[in-house]
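In: coordinates only, sequence not included:
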């Protein structure tokens, strides 16, 4: 069974879901989970720091209470009270009055947090500045079970007038026997404790509680929990100091519990914060983001679907046009658009225009080939006609040479020989290639004739003929340029030729033969015209032989070299100033 190739539209939809929707949802889920973990970690860290700060403040507060009540323990009146015989009522009432008048005002009335003091002797007598039930009966078992503790927080009590206080006891040591003689019971108002706790905020419904070292709530925002044991799960977790936090509950009722225990007081500060309060903003933004993402996905899907339909319709139309082109209809054109499909259609239209142009060019080239064949036949006829009687010219030059020898005029004889060789070299096929050394050798025939004509002419040649033998060039490429140097460099300015130089410059692309004169040179704008024409000349101009400037010799040489060897070979005017001109002929190896 052949599997059908999926369409572009289906591919776009699959790519959209595969590379946009799925990764976005996966990344969103990962981001949400990581955000919740980060928020929980930050909340745990902040709560831990808060619990430590509260515990530190409580430690400082209770330490201050210890310091403030220390003088009471060693006060002589207190020492007498815990040692007095219970049957001595007179001394008992006398000490109580003195404690009431001398000791209590300086301690209780100067501090707004100390609600009351009670001095309890193990022998029975006691003193209290507030109305309470029998403290010995109330805390006797507590004192007996914690006989080793010098300072202990007992819990929250309610006075007879309905005030709630936190009760602390301290041992009173006999200053003579150093044995426990009684207890100092300190009742503190809850204002200072609650102000320390209320200074911390844990969300809208978060709570902070204080747990005694026996596992009972010393303080809880719910007064019904005072002195009640905390949940067994909490106490078991509190024993694990390595992880001072845990979560309790499930679902929306899940809470995060963070605790910190004080080594100084044995109190444990516990915070409980509903987890939903920590992440409710994140949940809101998650739902908002999810809604926006779903909306964007739907809009993107509709947009991609409509876009893919527009692309497939345009491509289908272009395919139909291409089928018509295959049938031979080159007159059709694709509609233009301002997008990539439009550029594709423009390329299609340009291709058809190029096809039409190529067909026309091929037709014209066939016509030109026929014309060139006719021209070649005519040229061959002209060459045959030019060679009808060359021996007559050679015989004539031979006669002149013989008369010059008989007359003993050696310069005329030598010039006749040079002219005869130059003539014989020039009438051979100009399209045959020869070595550059041979071309320069026959150029010297012309130079020698000019040297006989112009006495004192300096010929400066710096050439390596061994290397020039390996370089091929066309006939009559150097001599016309040298002739130009004599005519246009000197004679047109009525100057006597005084210098002709030949230099060869070799590089990776070939050899550059430079012809140098010291004539009057050409204007800069004319040099620019020549060089521009040498670079930008077309093949049609070279075939026609029509020069864009006055000189024909240079254009003929350049055209033949360019047609034979291609770019970048041919002529270049390197320099032309009032002190002379340098023309370079570039030829390949």
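Out: Received it, and whenever you're ready, just let me know what you need. For clarity, every value in this text was computed on a predicted model and none was experimentally measured. Residues are numbered from 1 along each chain as shown.
In: switch to C-alpha atoms for all contacts and neighbour counts from now on
Out: OK.
In: any idea how far residue 213 lies from residue 230?
Out: Distance, residue 213 to residue 230, using Cα to Cα, to the nearest Å: 11 Å.
In: whoops, residue 48 was the one
Out: Relative to residue 230, and taking Cα to Cα, residue 48 is found at 20 Å.
In: what do you get for residue 443?
Out: 122 Å.
In: quick one, which of these two is more surrounded?
Out: Counted by other Cα atoms under 10 Å, residue 443 and residue 230 do not tie: residue 443 has more neighbours, with 22 against 16.
In: can you count the residues close to residue 79?
Out: Residue 79, neighbours per other Cα under 10 Å, totals 20.
In: in this structure it contacts residue 176, no?
Out: No - with contacts counted by Cα atoms under 8 Å, residue 79 stays clear of residue 176, the gap being 9.7 Å.
In: residue 460 contacts residue 514, doesn't it?
Out: No - here residue 460 lies out of contact with residue 514, judged by Cα under 8 Å, at a distance of 11.5 Å.
In: now do the shared contacts for these two.
Out: Jointly contacting residue 460 and residue 514 under the rule Cα atoms under 8 Å, 6 or more residues apart in numbering are 501, 502.
In: wasn't residue 119 part of a strand?
Out: Yes - using DSSP: H, G, I helix; E, B strand; the rest coil, the assignment for residue 119 is a strand.
In: name the residues of stretch 258-270 that are buried.
Out: 258, 259, 260, 261, 262, 265, 266, 267, 268, 269, 270 (16 or more other Cα atoms under 10 Å).
In: among those residues, name the ones in strands.
Out: Of the buried residues of stretch 258-270, the ones assigned to strands by DSSP state E are 258, 259, 260, 261, 268, 269, 270.
In: make a markdown table out of those and add pLDDT.
Out: Formatted as a markdown table, those follow (pLDDT from 0 to 100):
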| residue | pLDDT |
| --- | --- |
| 258 | 82 |
| 259 | 80 |
| 260 | 81 |
| 261 | 81 |
| 268 | 83 |
| 269 | 84 |
| 270 | 85 |
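In: turn those residues into CSV, columns for distance to residue 151.
Out: Output for these, formatted as CSV (distance: Cα to Cα, whole Å):
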residue, distance to residue 151
258, 27
259, 23
260, 20
261, 17
268, 16
269, 19
270, 22
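In: and the pLDDT at residue 560?
Out: If you check residue 560, the pLDDT there is 85.
In: tell me the helix or strand right after the helix or strand where it lies.
Out: Residue 560 belongs to helix 553-565 when assigned by DSSP states H and E. Next helix or strand after helix 553-565 toward the C-terminus (DSSP H and E): strand 570-577.
In: list the pairing partners of the next helix or strand after that next one within its sheet, with orientation.
Out: Using DSSP H and E, the helix or strand that follows strand 570-577 towards the C-terminus is strand 580-587. Its sheet considered, strand 580-587 pairs with strand 510-517 (antiparallel), strand 570-577 (antiparallel) by DSSP bridges.
In: give me the beta-bridge partners of residue 587?
Out: residue 511.
In: touching stretch 340-353 from outside, list them.
Out: Residues contacting stretch 340-353 (Cα under 8 Å, 6+ apart): 311, 314, 315, 318, 330, 331, 333, 334, 335, 336, 337.
In: list just the nearest of the ones in strands among the buried residues of stretch 258-270 to residue 555.
Out: Nearest to residue 555 among these: residue 258, at 99.4 Å, using Cα to Cα.
In: tabulate the buried residues of stretch 258-270 in a markdown table, adding columns for distance to residue 453.
Out: Listed next are the buried residues of stretch 258-270 as a markdown table, based on distance: Cα to Cα, whole Å:
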| residue | distance to residue 453 |
| --- | --- |
| 258 | 119 |
| 259 | 122 |
| 260 | 122 |
| 261 | 125 |
| 262 | 126 |
| 265 | 131 |
| 266 | 131 |
| 267 | 130 |
| 268 | 127 |
| 269 | 125 |
| 270 | 125 |
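In: kindly indicate which of these lies nearest residue 576.
Out: So of the buried residues of stretch 258-270, ranked by how close each gets to residue 576 (Cα to Cα), first place is residue 258, at 96.2 Å.
In: what sits up against stretch 89-107?
Out: 68-69, 72, 77-78, 80-81, 84, 86, 117, 125, 127, 129.
In: do that again at 7 Å, thanks
Out: 77, 81, 127 (Cα atoms under 7 Å, 6 or more residues apart in numbering).
In: do stretch 508-517 as well
Out: Contacts of stretch 508-517 (Cα under 7 Å, 6+ apart): 482, 485, 489, 499-506, 580-589.
In: got the buried residues for the helix holding residue 560?
Out: For helix 553-565, the buried set under the neighbour-count rule, 16+ other Cα under 10 Å, comprises 553, 554, 555, 556, 557, 558, 559, 560, 561, 562.
In: one more: stretch 456-466?
Out: residue 457.
In: give me the mean pLDDT for that stretch.
Out: 89.
In: again, but for stretch 577-584
Out: Stretch 577-584 comes out at a mean pLDDT of 92.
In: show me how far that stretch is from its chain's centre.
Out: 56 Å (Cα atoms, centre = their mean, to the nearest Å).
In: pull out the buried residues from that stretch.
Out: Neighbour counts over stretch 577-584 (16+ other Cα under 10 Å) mark 580, 581, 582, 583, 584 as buried.
In: and stretch 492-504, by the same measure?
Out: Neighbour-count burial for stretch 492-504 [16+ other Cα under 10 Å]: 497, 498, 499, 500, 501, 502, 503, 504.
In: so which of those residues comes closest to residue 35?
Out: For these, the nearest to residue 35 is residue 504 (79.4 Å; Cα to Cα).
In: list the contacts for that closest one?
Out: 463, 511, 512, 513, 514.
In: grab the nearest non-local neighbour of the last one.
Out: This points to residue 514. Leaving aside its sequence neighbours, residue 514 sits nearest to residue 584 (Cα to Cα, 6 or more residues apart in numbering; 4.3 Å).
In: test my guess that that neighbour contacts residue 570.
Out: No - in this structure residue 584 lies outside contact range of residue 570 using Cα atoms under 7 Å: 8.2 Å.
In: check which helix or strand covers the nearest residue to residue 190 once chain neighbours are set aside.
Out: Leaving aside its chain neighbours, residue 190 sits nearest to residue 165 (5.8 Å; criterion: Cα to Cα, 6+ apart). Applying DSSP H and E as the criterion places residue 165 in strand 164-173.
In: adjacent strands (with direction) for that strand?
Out: strand 151-158 (antiparallel), strand 180-189 (antiparallel).
In: just give me the neighbour total for residue 200.
Out: 15.
In: now the helix or strand hosting residue 416: mean pLDDT?
Out: For residue 416, the host element (DSSP H and E) is helix 410-426. Confidence over helix 410-426 (mean pLDDT, whole number) is 70.
In: and the helix holding residue 560, how far out from the chain's middle?
Out: 55 Å.
In: show me what it is packed against.
Out: Judged by 3 or more Cα pairs under 7 Å, 6 or more residues apart in numbering; DSSP states H and E, the packing partners of helix 553-565 are strand 570-577.
In: quick one: contacts for residue 553?
Out: Counted by Cα under 7 Å, 6+ apart, residue 553 has contacts residue 480.
In: quick one: the helices in the stretch 151-300 of the chain?
Out: 191-198, 232-238, 275-326 (DSSP state H, counting those that start in this stretch).
In: how about these in a markdown table, adding mean neighbour count, distance to residue 28 and mean pLDDT?
Out: Formatted as a markdown table, the helices of the stretch 151-300 of the chain follow (neighbours: other Cα atoms under 10 Å; distance: least, Cα to Cα, whole Å; pLDDT from 0 to 100):
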| stretch | mean neighbour count | distance to residue 28 | mean pLDDT |
| --- | --- | --- | --- |
| helix 191-198 | 15 | 38 | 80 |
| helix 232-238 | 14 | 34 | 68 |
| helix 275-326 | 14 | 9 | 74 |
